[in-house]
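Asks: What follows is a predicted protein model with its sequence.
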Amino acid sequence: MGFFSFLKSRPIFWLSVTGTTVGAACAIKDLMQGGKFTKETDETNKVFIVTGSNNGIGKETVRELAKRGATVYMACRVMKKCEEAREEIVLETKNKYVYCRECDLDSIRNFVAAFKREQKTLNILINNAGVMRCPRSLTKDGFEMQLGVNHMGHYLLTTLLLDLLKNSTPSRIVNLSSLAHTRGEINTGDLNSEKSYDEGKAYSQSKLANVLFTRELARRLAGTGVTANALHPGVLDTELFRHMSFFSNFFAELFVKPLLWPFVKTAANGAQTSLYAALDPDLELVSGEYFSDGQPKEVAPAGTDTQTAKWLWAVSEKWTNPPPIDVKK
């Protein structure tokens, strides 16, 4: 008993409790970070596009690609933030072949036209950009914002770049989805949320759309040498949560975020599955899959609905009106 007598002192007792709690939280934090992509690859002379890459997962993905010698185009909406991120990455990696280009829903066609003037190949397209649970608003083309940014924009960008991807085989398309797709439903009667809007349902629908688009894209590209895979990066505390008022008030800052801290990934660790899907040599012929924590995972039953995937493709094609696509039907 004498050994524990020091705990009778309240300050020492609470210091002990605090230390134990912090240690446990750090242990949980380490456990929740998931696996890291540690294979060494040389990406010199390979060309990548990463959308939404001025912060968070996208920025960390670009950082690692630059370290491996890749030529990377950071396709972003806000040029000032993009340039700041690019400068930081270039200074750190000493890779000058990192470029900022404006690319949002209103400038996708201009981005693609300019890219094709500068590059004749595209090895990897990483569709990373996204918004989450934002109040209902519309893009200039009239898309509900989450559907527009998370799906329609990437559908259009991808289809406009398929010719370069097919001329650069083996090449890959990586679409960032989310575990939220398991709660998603494609509302065929109100895809654009015009009759009613729930920010959570709209987000989950857009993430399910990522999975269905990936699977239909993989089916159409079978045998071309271009693969398409989707992934869940994990739960992260990034700018993606900026529209969720629950996480931006004083109470959340003081109590909720510290409680959640052990269970969320850092942006660098959140980028690991993107790097795995984009770079792992073992995935050269793998297509139509869904990954999480660097491993294949099953998608929700709704994500395997071939008819809905075909319907979504047809609607996306009609709404974005890209040029004809020469891939297998």
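Replies: Here it is on my side, so go on.
Asks: Any regions of the stretch 101-250 of the chain where pLDDT drops low?
Replies: Scanning the stretch 101-250 of the chain with the threshold set as pLDDT under 70 gives 235-250.
Asks: Tell me where it has strands.
Replies: Taking DSSP state E, counting those that start in this stretch as the test, the strands found in the stretch 101-250 of the chain are 124-127, 171-176, 226-232.
Asks: quick one: which of the ones you listed is nearest residue 272?
Replies: Closest to residue 272 of those, according to Cβ to Cβ: strand 226-232, at 10.0 Å. (Glycine included, C-beta is placed from N, CA and C.)
Asks: what inclination does that closest one have with respect to strand 171-176?
Replies: Here strand 226-232 points in a direction 20 degrees away from that of strand 171-176 (axes from the mean of the first three to the mean of the last three Cα atoms, to 10 degrees).
Asks: Partner strands of strand 226-232, with direction?
Replies: Paired neighbours of strand 226-232 in the sheet (DSSP bridges): strand 171-176 (parallel), strand 290-292 (parallel).
Asks: Quick check: mean pLDDT of stretch 297-307?
Replies: Per-residue pLDDT over stretch 297-307 has a mean of 97.
Asks: Span of it from start to end?
Replies: One end of stretch 297-307 sits 21 Å from the other (Cα to Cα, to the nearest Å).
Asks: same question, stretch 276-296
Replies: One end of stretch 276-296 to the other measures 11 Å (Cα to Cα).
Asks: Please name the nearest non-neighbouring residue to residue 305.
Replies: Spatially, and ignoring its direct neighbours in sequence, residue 305 is nearest to residue 212 (7.1 Å; Cβ to Cβ, 6 or more residues apart in numbering).
Asks: Can you tell me how far the one you found is from residue 197?
Replies: Distance, residue 212 to residue 197, using Cβ to Cβ, to the nearest Å: 21 Å.
Asks: Would you map the helices across the stretch 201-329 of the chain?
Replies: 250-251, 257-260, 267-270, 272-279, 306-320 (DSSP state H, counting those that start in this stretch).
Asks: Tell me which of those is the most buried.
Replies: Comparing the helices of the stretch 201-329 of the chain by mean neighbour count (mean count of other Cβ atoms under 10 Å), helix 272-279 comes out on top with a mean of 25.
Asks: Tell me which other helices or strands that helix touches.
Replies: Using 3 or more Cβ pairs under 8 Å, 6 or more residues apart in numbering; DSSP states H and E as the contact test, the elements touching helix 272-279 are helix 56-67, strand 124-127, strand 171-176, strand 226-232, strand 290-292.
Asks: Could I get the ones you listed in TSV, plus columns for mean neighbour count and distance to residue 281?
Replies: Compiled in TSV, the helices and strands packed on helix 272-279 are given as follows (neighbours: other Cβ atoms under 10 Å; distance: least, Cβ to Cβ, whole Å):
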stretch	mean neighbour count	distance to residue 281
helix 56-67	24	15
strand 124-127	27	13
strand 171-176	27	11
strand 226-232	26	12
strand 290-292	21	15
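Asks: returning to what we had before: would you mind giving the strands of the stretch 101-250 of the chain as a markdown table with distance to residue 266 added?
Replies: A markdown table is the format used below for the strands of the stretch 101-250 of the chain (distance: least, Cβ to Cβ, whole Å):
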| stretch | distance to residue 266 |
| --- | --- |
| strand 124-127 | 18 |
| strand 171-176 | 16 |
| strand 226-232 | 16 |
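Asks: quick revisit: what about residue 212 and residue 197, which has more around it?
Replies: Using other Cβ atoms under 10 Å as the criterion, residue 212 and residue 197 rank with residue 212 on top: 28 against 15.
Asks: Now do the same contact list for that one.
Replies: Residues in contact with residue 212 (Cβ atoms under 8 Å, 6 or more residues apart in numbering) are 186, 303, 305, 308, 309, 312.
Asks: separation between residue 189 and residue 195?
Replies: Going from residue 189 to residue 195 by Cβ to Cβ gives 8 Å.
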